[in-house]
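K.L.:
Coordinates only, no sequence provided:
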Ligand SMILES: Cc1cc2nc3c(=O)[nH]c(=O)nc-3n(C[C@H](O)[C@H](O)[C@H](O)COP(=O)(O)OP(=O)(O)OC[C@H]3O[C@@H](n4cnc5c(N)ncnc54)[C@H](O)[C@@H]3O)c2cc1C
């Protein structure tokens, strides 16, 4: 069966990969000249990579880890020490660590919290532990019910003081969703906390050993192509044309550089774009249907990713860092964390600026200047004094609409991958799956879409479908 998929982000590629495994022929149509969507990366004229986002992988990403294993590229993940490291804004240039010992969960995470006395008082730890109990005992059902509250409201309801939310969870909230704790749905942080508490290596972090475009997306494309499928760049979906019964007749693909538009016909069709693109591209007659109307409740959140190259080494830390600053979210010295970007003499900081709504329309110069001002607090020794670190060059990548904005009440708007149209499906990290807008969520959504397609249409290779639907069994234990 031929399946046309619009979008070569991780969701579209994962969908195509699993369709290939089930004996189908996916044709992935990507609007841009680069693979990966939100994980896309480019090489500048010096040969240095810059990316849409600083991407951290977690042990609690079973579907991503299984995908890498199936492709034979799991060794491309560089696993870091099992610890979470936070800057201390009141003690510039110092760090507070949550070192997770190698003992069974949830004792490992609990031990890391109990042993950290910089960020939480004993009273706060106790209240937080009591507050978290229903999430651990009642599980995902309770976590989903908490979608009506922001995380800050949820903390208040547990009697946990505001300082915990502004001081500690600002970092986690911005890292996971690019918005602050007063804006983010409690479901998001509780889901992440639950995974970290339930999986021994859930909070262990890895970095890819090079650019996601080459090191992650390209091998998925090779797999799809080897199985008879195709991934076509510069092929933007322009229109979804319908049959009289409301099902999809064909995709119209916009011709690039003066070429004529053309028709792409398949047995089945998938839109694996962001939710913002999906909303505008859906045919008018469908927009009256309740299923598609719900998409109006979702929209992408702005975020900015910066790369700053310096004339010296600013840090030797080989790990993701949580800035706890109002401007920045997470950052890493990629000259330490990523094999292909390694440099023993100079730092390349990759930093996420979030929330970005007030910054997205500012110039790159303004954004870099504000970030450097923030770095003076994070690295006072290198930016104060007579010989401050010199910025050699920078790249700023702005994404005005990235992952769906995970404010309270959004869960009800996240659609299933199966739609009311028999030959039409959705994929994307915004669609309903147990993970938030993340690489894991994108890979899982694509897999669920492939599964829904195989279930609703004749299956070419039933044994492979069985593999597809079997729950994943892999983790970061061996790393
Ligand atoms: C700054 C930043 C940092 C992040 N950090 C992390 C992290 O540390 N860990 C993590 O797990 N996740 C992280 N994420 C989130 C993660 O990148 C996304 O959740 C995931 O990549 C989304 O994949 P997707 O396939 O659902 O959507 P997308 O990546 O948005 O893919 C959609 C694709 O559709 C294409 N498209 C759009 N319109 C059309 C059209 N008309 N025709 C054809 N194609 C079209 C787009 O070009 C794109 O390639 C981060 C994201 C950003 C932006």
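P.N.:
Thanks, I have the structure now. Quick caveat, the model's predicted, so the values are computed rather than measured.

K.L.:
from here on, contacts and neighbour counts on C-alpha atoms
P.N.:
Noted.

K.L.:
what stretches of the stretch 51-200 of the chain score poorly on pLDDT?
P.N.:
Along the stretch 51-200 of the chain, segments meeting pLDDT under 70 span 165-166.

K.L.:
for the ligand, what are the nearby residues on it?
P.N.:
Residues of the stretch 51-200 of the chain lying near the ligand by CA under 6 Å from any ligand atom: 52, 53, 54, 55, 56, 57.

K.L.:
go with 8 Å
P.N.:
Selection of the stretch 51-200 of the chain residues close to the ligand by CA under 8 Å from any ligand atom yields 52, 53, 54, 55, 56, 57, 58, 175, 176.

K.L.:
Among the residues you listed, give me the pair with the biggest separation.
P.N.:
52 and 58 (18.6 Å; CA to CA).

K.L.:
got the residues of the stretch 51-200 of the chain next to the ligand as JSON lines, with secondary structure and neighbour count columns?
P.N.:
Below are those laid out as JSON lines (DSSP: H, G, I helix; E, B strand; the rest coil; neighbours: other CA atoms under 10 Å):
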{"residue": "52", "secondary structure": "coil", "neighbour count": "23"}
{"residue": "53", "secondary structure": "coil", "neighbour count": "23"}
{"residue": "54", "secondary structure": "coil", "neighbour count": "21"}
{"residue": "55", "secondary structure": "coil", "neighbour count": "22"}
{"residue": "56", "secondary structure": "coil", "neighbour count": "18"}
{"residue": "57", "secondary structure": "strand", "neighbour count": "20"}
{"residue": "58", "secondary structure": "strand", "neighbour count": "22"}
{"residue": "175", "secondary structure": "helix", "neighbour count": "23"}
{"residue": "176", "secondary structure": "helix", "neighbour count": "19"}
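
K.L.:
could you redo these as CSV and give each row distance to residue 139?
P.N.:
Putting those into CSV (distance: CA to CA, whole Å) gives the following:
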residue, distance to residue 139
52, 34
53, 31
54, 30
55, 27
56, 25
57, 23
58, 20
175, 23
176, 20
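
K.L.:
wait, doesn't residue 339 sit right on residue 209?
P.N.:
Yes: applying CA atoms under 8 Å as the test, residue 339 and residue 209 come out as touching, 4.9 Å apart.

K.L.:
higher neighbour count, these two?
P.N.:
Neighbours were counted for residue 339 and for residue 209 using other CA atoms under 10 Å; residue 209 has more, 20 against 16.

K.L.:
That one and residue 53: what is the separation?
P.N.:
Distance, residue 209 to residue 53, using CA to CA, to the nearest Å: 15 Å.

K.L.:
now do residue 85
P.N.:
19 Å.

K.L.:
what's the answer for residue 149, then?
P.N.:
In terms of CA to CA, residue 149 sits 28 Å off from residue 53.

K.L.:
for the stretch 51-200 of the chain, what spans make up the helices?
P.N.:
62-70, 107-115, 122-138, 140-145, 151-157, 162-163, 170-177, 186-198 (DSSP state H, counting those that start in this stretch).

K.L.:
Same question for the second one: list its buried residues.
P.N.:
Using 16 or more other CA atoms under 10 Å as the burial criterion, the residues of helix 107-115 that qualify are 107, 108, 109, 110, 111, 112, 113.

K.L.:
for the third one, same thing?
P.N.:
Buried residues in helix 122-138, defined by neighbour count with 16+ other CA under 10 Å: 124, 125, 128, 131, 132, 135, 136.

K.L.:
How about residues contacting the one helix or strand residue 13 maps to?
P.N.:
Using DSSP states H and E, residue 13 sits within helix 10-21. The contact list for helix 10-21 (CA atoms under 8 Å, 6 or more residues apart in numbering) reads 5-7, 25-28, 36-37, 39, 217, 220-221, 223-224, 227-229, 271-273, 427-429, 439, 442-450, 454, 464-465, 468.

K.L.:
ok, of these, which come out buried?
P.N.:
Applying 16+ other CA under 10 Å to the contacts of helix 10-21 flags 5-7, 25-28, 36-37, 39, 217, 220-221, 223-224, 227, 229, 271-273, 427-429, 439, 442-450, 454, 464-465, 468 as buried.

K.L.:
and the ligand, which of those contact it?
P.N.:
With CA under 8 Å from any ligand atom as the criterion, those include 6-7, 36-37, 39, 271-273, 427-429, 439, 442-443, 445-446 near the ligand.

K.L.:
so of these, which ones are in strands?
P.N.:
Residues of these located in strands (DSSP state E): 6, 271.

K.L.:
helices or strands next to the helix or strand encompassing residue 394 in the packing?
P.N.:
Using DSSP H and E, residue 394 maps to strand 391-399. Counting by 3 or more CA pairs under 8 Å, 6 or more residues apart in numbering; DSSP states H and E, the packing neighbours recorded for strand 391-399 are strand 303-310, helix 364-378.

K.L.:
just to revisit the earlier point, among the ones next to the ligand among the buried ones among the contacts of helix 10-21, name the ones in helices.
P.N.:
Residues of those located in helices (DSSP state H): 439, 442, 443, 445, 446.

K.L.:
which strand residues sit across from the residue nearest to residue 54 when sequence neighbours are not counted in the sheet?
P.N.:
Using CA to CA, 6 or more residues apart in numbering and skipping residues adjacent in sequence, the residue nearest residue 54 is residue 350, 6.4 Å away. Residue 350 has these beta-bridge partners by DSSP bridges: residue 307, residue 332.

K.L.:
Spit out the contact partners of residue 350.
P.N.:
By CA under 8 Å, 6+ apart, the neighbours of residue 350 are 54, 305, 306, 307, 308, 331, 332, 333, 334.

K.L.:
how about stretch 359-371, does it get close to the ligand?
P.N.:
No: judged by CA under 8 Å from any ligand atom, stretch 359-371 and the ligand are separated, with a smallest distance of 12.4 Å.

K.L.:
Tell me how many other residues surround residue 374.
P.N.:
For residue 374, using other CA under 10 Å, the count is 17.

K.L.:
mind giving me TSV with the buried residues of helix 122-138 and columns for distance to residue 69?
P.N.:
Formatted as TSV, the buried residues of helix 122-138 follow (distance: CA to CA, whole Å):
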residue	distance to residue 69
124	40
125	38
128	37
131	37
132	33
135	31
136	30
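
K.L.:
thinking residue 239 is in contact with residue 248, fair?
P.N.:
No: in this structure residue 239 lies outside contact range of residue 248 using CA under 8 Å: 10.5 Å.

K.L.:
Among the ones in helices among the ones next to the ligand among the buried ones among the contacts of helix 10-21, which one lies nearest to residue 235?
P.N.:
Once CA to CA is applied, the member of those that ends up nearest residue 235 is residue 446, at 19.5 Å.

K.L.:
So which residues of the stretch 201-350 of the chain form strands?
P.N.:
Secondary structure of the stretch 201-350 of the chain (DSSP state E, counting those that start in this stretch): strands at 205-208, 230-232, 237-242, 248-253, 262-264, 268-271, 303-310, 321-322, 328-333, 348-353.

K.L.:
Any chance of JSON lines for those, columns mean pLDDT and distance to residue 279?
P.N.:
Formatted as JSON lines, those follow (pLDDT from 0 to 100; distance: least, CA to CA, whole Å):
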{"stretch": "strand 205-208", "mean pLDDT": "98", "distance to residue 279": "32"}
{"stretch": "strand 230-232", "mean pLDDT": "98", "distance to residue 279": "22"}
{"stretch": "strand 237-242", "mean pLDDT": "98", "distance to residue 279": "12"}
{"stretch": "strand 248-253", "mean pLDDT": "98", "distance to residue 279": "16"}
{"stretch": "strand 262-264", "mean pLDDT": "98", "distance to residue 279": "20"}
{"stretch": "strand 268-271", "mean pLDDT": "98", "distance to residue 279": "10"}
{"stretch": "strand 303-310", "mean pLDDT": "98", "distance to residue 279": "20"}
{"stretch": "strand 321-322", "mean pLDDT": "96", "distance to residue 279": "34"}
{"stretch": "strand 328-333", "mean pLDDT": "97", "distance to residue 279": "29"}
{"stretch": "strand 348-353", "mean pLDDT": "98", "distance to residue 279": "26"}
